[in-house]
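Q: here are the coordinates; sequence isn't available:
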């Protein structure tokens, strides 16, 4: 489970690790931050005129991401 507070913490204190300016849903980005007990979290969000849309939040898989969870590992 990922809490609303953890998502808020990533958005407020995390960093953008991927930018998707041409996303079909509109500009969005992938953010990295840390939640409960320092676990890494990824949040995909998209700025809108009146709000920030949170598209998804997940715990990144260690085998799919670099050790710092900032770069995707190539297959």
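A: That came in fine, so what should we check first? The structure presented is a predicted model; accordingly, all values stated were derived computationally and were not measured.
Q: Please count neighbours and contacts with C-alpha atoms only from this point.
A: OK.
Q: now the strands: where do they sit in this protein?
A: Under the criterion DSSP state E, the chain carries strands at the ranges 15-20, 28-34, 40-47, 52-58.
Q: Tabulate these (a markdown table), appending distance to residue 67 and mean pLDDT.
A: Converted to a markdown table, the strands of the chain look like this (distance: least, Cα to Cα, whole Å; pLDDT from 0 to 100):
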| stretch | distance to residue 67 | mean pLDDT |
| --- | --- | --- |
| strand 15-20 | 13 | 97 |
| strand 28-34 | 13 | 97 |
| strand 40-47 | 11 | 96 |
| strand 52-58 | 16 | 96 |
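Q: so what's residue 53 bridging to?
A: On DSSP bridges, the residues paired with residue 53 through beta bridges are residue 46.
Q: List the residues that contact it.
A: Neighbouring residues of residue 53 by Cα atoms under 8 Å, 6 or more residues apart in numbering: 45, 46, 47.
Q: Verify the stated contact: the last one with residue 30.
A: If I follow you right, that is residue 47. No - under the criterion of Cα atoms under 8 Å, residue 47 is not in contact with residue 30, lying 11.8 Å apart.
Q: picking that back up, just the buried ones out of the contacts of residue 53, please.
A: Neighbour counting by 16 or more other Cα atoms under 10 Å classes 45, 46 among the contacts of residue 53 as buried.
Q: Now tabulate the contacts of residue 53 in TSV and tack on distance to residue 23.
A: Written out in TSV, the entries for the contacts of residue 53 read as follows (distance: Cα to Cα, whole Å):
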residue	distance to residue 23
45	11
46	10
47	12
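Q: picking up where we left off before, out of the strands of the chain, nearest to residue 3?
A: strand 52-58 (9.7 Å; Cα to Cα).
Q: out of the contacts of residue 53, who's nearest residue 61?
A: Using Cα to Cα, the shortest approach to residue 61 within the contacts of residue 53 belongs to residue 45, at 19.0 Å.
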